[in-house]
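Participant: coords below, sequence missing:
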């Protein structure tokens, strides 16, 4: 499994470079440090804290991906990256990149399929979030915004499944 995860990590990095090169969106041009200067209760501050904790900066032109991590609570392990895409698919997002992640991730790491299905249902049962311009949400209260997207019971249930490490083997 370790080699399969390394292969998917390599694929993520390589395809992200190619994807960003052809993406026509404007980059936010906001650093992690700038996000951390926002009020502590805001989406922006929480996003900055998440990035800082993981040693990341926003990925130019695909910043919303990092916002999805914060909003949904999915981490950055390979299986959680794939589950995040299942969650977004359940929420209505449709892109060629997403389809590729779903297909390749499921084929290479099928033992996580029960977790992927839980993530899909999590996104399906949530209010729409995949279409937001997250740059405009940075100043909103994080918890209030998250609560308008996911019910408290759905958040607790997903947190529980994430703590169990999701493995069906």
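Facilitator: Thanks, I have it. Since the structure is predicted, the reported quantities are computational estimates derived from the model, not experimental observations.

Participant: Please make it C-alpha for all contacts and neighbour counts, starting now.
Facilitator: OK.

Participant: Geometric centre of the chain: which residue is closest?
Facilitator: residue 69 (3.2 Å; C-alpha atoms, centre = their mean).

Participant: quick one: contacts for residue 56?
Facilitator: Going by C-alpha atoms under 8 Å, 6 or more residues apart in numbering, residue 56 touches residue 32.

Participant: nope, residue 136 is what I was after
Facilitator: If you count contacts by C-alpha under 8 Å, 6+ apart, residue 136 has none.

Participant: doesn't it fall inside a helix?
Facilitator: Yes. Using DSSP: H, G, I helix; E, B strand; the rest coil, the assignment for residue 136 is a helix.

Participant: That one and residue 55: what is the separation?
Facilitator: Separation of residue 136 from residue 55 (C-alpha to C-alpha, to the nearest Å): 24 Å.

Participant: hang on, isn't the residue nearest to the centre of the chain packed against residue 84?
Facilitator: Yes. Counting by C-alpha atoms under 8 Å, residue 69 does reach residue 84; the two are 7.3 Å apart.

Participant: count of neighbours near residue 26?
Facilitator: The number of residues packed around residue 26, counting by other C-alpha atoms under 10 Å, is 9.

Participant: measure stretch 101-119 end to end?
Facilitator: Length of stretch 101-119, first residue to last, C-alpha to C-alpha: 14 Å.

Participant: Show me what counts as buried in it.
Facilitator: By neighbour count on 16 or more other C-alpha atoms under 10 Å, the buried set for stretch 101-119 is 101, 102, 105, 106, 109, 111, 112, 113, 115, 116, 118, 119.
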